[in-house]
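*Asks:* my questions are about this predicted structure, shown below with the sequence.
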Amino acid sequence: MSATASATTAPNLSEKQRQILQYLRANADDRTYFKSRLIAEDLGLSAKEVGANMRAILDGDVGLTVEKWGYSSGTTWKVTQ
């Protein structure tokens, strides 16, 4: 489950999805793996909201490669630019 994209805009995303995408872009240089619950804590969302909104980022043309990586103690996402 991965999505590779070359564009840097994502016009069809909701506000929450844009917020998550902006967070991933801002932190992708420093980190590769992101847990849904930690993204949620930083953005004031629930882990469930993050997980539900990641599908649009996975499927979208967002300029990142995103893979669902693991499930232990919450979902982990592998994100690369």
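*Replies:* Perfect, thanks for sending it. Numbers count the residues shown, from 1 in each chain.

*Asks:* you'd agree residue 67 is up against residue 76?
*Replies:* No. Residue 67 is beyond contact range of residue 76, at 9.5 Å (criterion: CB atoms under 8 Å). C-betas here are computed from N, CA, C, even on glycine.

*Asks:* could you tell me which residues touch both of those two?
*Replies:* With CB atoms under 8 Å, 6 or more residues apart in numbering applied, the contact sets of residue 67 and residue 76 do not overlap.

*Asks:* tell me where this structure has strands.
*Replies:* 2-3, 33-35, 65-70, 76-80 (DSSP state E).

*Asks:* now do the third one against strand 76-80, angle only.
*Replies:* Direction vectors for strand 65-70 and strand 76-80, defined by axes from the mean of the first three to the mean of the last three CA atoms, to 10 degrees, enclose an angle of 160 degrees.

*Asks:* give me the below-cutoff pLDDT ranges for this protein.
*Replies:* For the chain, the stretches flagged by pLDDT under 70 are 1-11.

*Asks:* let's see it at 90
*Replies:* 1-12, 59-61, 69-74, 81 (pLDDT under 90).

*Asks:* sweet, I'm off.
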